[in-house]
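Engineer: What shape does this take:
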Amino acid sequence: MRRSALVGISGMLALLLLLLLNTLSLIEGLKCHCDACKDENDTCVTDGYCFASTTLEHENIVYAYRCYDKRHFFPAPSYSVWCNTNVTTARVPPVSEFVIVCCDHADYCNLDLRPSLSSSNRPQDTSRSPNPHDGVSPNDDGVTWATWKMALSIAVPICIICMVVMIIYHIHMTRRRTARHFPDDSLEAPDRPILGGVTIRDMLEMTTSGSGSGLPLLVQRSIARQIQLVETIGKGRFGEVWRGRWRGENVAVKIFSSREERSWFREAEIYQTVMLRHDNILGFIAADNKDNGTWTQLWLITDYHEKGSLFDYLNRSTVDTNGMIRMALSIATGLAHLHMEIVGTQGKPAIAHRDLKSKNILVKTNGTCAIGDLGLAVRHDVITDTVDIQLNNRVGTKRYMAPEVLEETINMNHFDSFKRADVYALGLILWEISRRCNVGGIHDEYQLPFYDLVPSDPTIEEMRKVVCTDRQRPSIPNRWQSIEALQVMSKVMKECWYHNAAARLTALRIKKSLANYGAMEDLK
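Structural biologist: Below is the predicted model of the structure:
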């Protein structure tokens, strides 16, 4: 692009130089053919007119070619009767006949003029169209070639200056636009707005009205192929998660191995469900498959949250009671939106997550959360009252599996069964958050649910014995009962992990309970 710009600029400068040279030649004067100027290569230069004359002397025709300088004009400096009445037939003794034609429209304009002699003494009709060989008479208003030259000598340099200024301005603005639209995407490019202040969120708002199914496919592929990977921020059974940069903006890039193509396709498909976009659902940006010649990488690009997963955040940080409620409410709100069916031509089907856990929830900078990792999610087809994929009745993370999933008694034909299994997992997540609530400097260290009952990587049988046979649940410290916020959380989580799935709260009910408590706290 820079090379083509330089070529264009060089061409314009060459054109300007040519115009300037032409202007200088114009300023020098009008060149005329001169038959009496042998030493000057038959050329004379004038500030007036070129002329050609035809004389009949004693039956001999004589042609003459000269310059007619301005100093000879009569009666005015810019006007001459001689030229203005030159297309006449006159008898000037001892000359039999004499006729003259003046011209000033171009250099050597008199070279091919052959003024015609008249056969009578009467003046010729000066209103007739001139013969091409007769030349062109000056305008009756007395505007001469010298006048035009003077005007051009002023106007052309001004035009050249204006064109140079415009070129310099154009180059300056092109560089600014280039720097803004295509900055150097170094690994540590500074944070700055993209596309002149248009962020990825703005693009999504403009393209999808904030609630659609994502960016157009070509835009997704364009974004994906401009991303530079910076650092690894996580690993999983599917592959790796990287922090990437797209024109100065951080994004998260989930890279699937080629063996996980079905998982990649499924997650991208779920994320692009119409009306799915929500503040408490991880924001999807793009999906693309990238072939480097050796192997194929499957990319899923989402919003980047620097605080990481809820699991990582709770491991290194505590929360106060307000922060605990805010986190819990945001997760419940995201899950309620996921579970909700929105009816309409642009409606959204109900979706169950099926792998809800603290590692699949991201913490945003404002302390709220967003639910991610929708690779195992299922959608409800309301018309046929079925889920949209062939299901495996054992999916997800064993530690967070609901009793009916561990026992394989879940009703696979009833979509609400999957929502209730999500609520069970939500109850365990609320317990993880509550343990890290710091009240008066007292809090519990971070632990996974059932940390004291099963090993770090439990089997299905071990989880089934604890959850289904012994019907044990994570322990609730006595001190929680003396703190109102923790008491509310205790009540909600207990109603989430009932053994009887039908008795559990819905995500919407949990959202309302926590929102009501938060509103009461705000009024205090």
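Engineer: which residue packs closest to Glu462, ignoring adjacent ones?
Structural biologist: Counting by C-beta to C-beta, 6 or more residues apart in numbering, Glu462 lies nearest to Val454, which is 5.0 Å off, once chain neighbours are set aside. C-beta: built from backbone N, CA, C; applies to glycine.
Engineer: where's the one you found, which helix or strand?
Structural biologist: In this assignment (DSSP states H and E), Val454 forms part of neither any helix nor any strand.
Engineer: and what of Ile510?
Structural biologist: Judged by DSSP H and E, Ile510 forms part of helix 507-523.
Engineer: As PDB, could you dump the C-alpha coordinates of that helix?
Structural biologist: What follows is helix 507-523, C-alpha atoms only, in PDB (Å, rounded to 0.1, in the frame of the first residue of the first chain):
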ATOM      1  CA  ALA A 507     -32.700 -20.200  38.500                       C
ATOM      2  CA  LEU A 508     -35.200 -17.400  38.200                       C
ATOM      3  CA  ARG A 509     -36.400 -17.900  41.800                       C
ATOM      4  CA  ILE A 510     -32.800 -17.900  43.000                       C
ATOM      5  CA  LYS A 511     -32.200 -14.600  41.100                       C
ATOM      6  CA  LYS A 512     -35.200 -13.000  42.700                       C
ATOM      7  CA  SER A 513     -34.300 -14.100  46.200                       C
ATOM      8  CA  LEU A 514     -30.800 -12.700  46.000                       C
ATOM      9  CA  ALA A 515     -32.000  -9.500  44.300                       C
ATOM     10  CA  ASN A 516     -34.600  -8.900  47.000                       C
ATOM     11  CA  TYR A 517     -31.900  -9.400  49.700                       C
ATOM     12  CA  GLY A 518     -29.600  -7.000  47.800                       C
ATOM     13  CA  ALA A 519     -32.400  -4.400  47.500                       C
ATOM     14  CA  MET A 520     -33.100  -4.700  51.300                       C
ATOM     15  CA  GLU A 521     -29.400  -4.100  52.100                       C
ATOM     16  CA  ASP A 522     -29.300  -1.000  49.800                       C
ATOM     17  CA  LEU A 523     -32.200   0.400  51.800                       C
END
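Engineer: buried sites along that helix?
Structural biologist: Of the residues in helix 507-523, 507, 509-511, 513-514, 517-518 count as buried by neighbour count, 16 or more other C-beta atoms under 10 Å.
Engineer: Okay, strands next: where are they in the stretch 301-450 of the chain?
Structural biologist: Along the stretch 301-450 of the chain, the segments classed as strands by DSSP state E, counting those that start in this stretch run 351-352, 361-363, 369-371, 378-381, 386-387.
Engineer: which neighbours does the first one have in its sheet, and in what orientation?
Structural biologist: What that stands for is strand 351-352. strand 378-381 (antiparallel) (DSSP bridges).
Engineer: Worst mean pLDDT across the helices and strands of the chain, which element?
Structural biologist: strand 90-92 (a mean of 48; mean pLDDT, DSSP states H and E).
Engineer: Next secondary structure element downstream of that strand?
Structural biologist: strand 95-103.
Engineer: Please name every helix or strand in contact with that following strand.
Structural biologist: strand 49-57, helix 81-84, strand 90-92 (3 or more C-beta pairs under 8 Å, 6 or more residues apart in numbering; DSSP states H and E).
Engineer: what's the second one packed up against?
Structural biologist: Same thing as helix 81-84. strand 95-103.
Engineer: ok and the strand it packs on relative to strand 49-57, angle-wise?
Structural biologist: 160 degrees (axes from the mean of the first three to the mean of the last three C-alpha atoms, to 10 degrees).
Engineer: Using CSV, write out every CA atom in strand 95-103.
Structural biologist: In CSV, the C-alpha atoms belonging to strand 95-103 read as follows (Å, rounded to 0.1, in the frame of the first residue of the first chain):
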residue,chain,number,x,y,z
VAL,A,95,1.5,48.3,-53.2
SER,A,96,-1.4,46.9,-55.3
GLU,A,97,-3.1,44.9,-52.5
PHE,A,98,-2.2,44.1,-48.9
VAL,A,99,-3.9,41.9,-46.2
ILE,A,100,-2.7,41.0,-42.7
VAL,A,101,-3.9,38.4,-40.2
CYS,A,102,-3.0,38.4,-36.5
CYS,A,103,-3.1,35.5,-34.1
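Engineer: in that strand, what's buried?
Structural biologist: Buried-residue list, strand 95-103, by 16+ other C-beta under 10 Å: 97-103.
Engineer: Neighbouring strands - and their directions - for that strand?
Structural biologist: Counting by DSSP bridges, strand 95-103 is paired with strand 49-57 (antiparallel), strand 90-92 (antiparallel).
Engineer: one step back: looking at the helices and strands packed on strand 95-103, which is nearest to Glu461?
Structural biologist: strand 49-57 (113.1 Å; C-beta to C-beta).
Engineer: Please name the nearest non-neighbouring residue to Ala64.
Structural biologist: Ala64 sits nearest to Ser53 (C-beta to C-beta, 6+ apart), 4.7 Å away.
Engineer: residues contacting that neighbour?
Structural biologist: Ser53 is in contact with 63-64, 66, 98-101, 115, counting by C-beta atoms under 8 Å, 6 or more residues apart in numbering.
Engineer: rerun at 10 Å
Structural biologist: Ser53 makes contact with 62-66, 86, 98-102, 110, 113, 115 under the criterion C-beta atoms under 10 Å, 6 or more residues apart in numbering.
Engineer: Out of these, the closest to Leu428 would be?
Structural biologist: Closest to Leu428, out of all of those and judged by C-beta to C-beta, is Asn110, at 104.8 Å.
Engineer: quick revisit: wait, which of the contacts of Ser53 is closest to Ala36?
Structural biologist: Once C-beta to C-beta is applied, the member of the contacts of Ser53 that ends up nearest Ala36 is Arg66, at 6.8 Å.
Engineer: residues of whichever strand or helix holds that closest one that come out buried?
Structural biologist: Counting by DSSP H and E, the element that carries Arg66 is strand 60-68. Neighbour counts using 16+ other C-beta under 10 Å place 65-68 of strand 60-68 among the buried residues.
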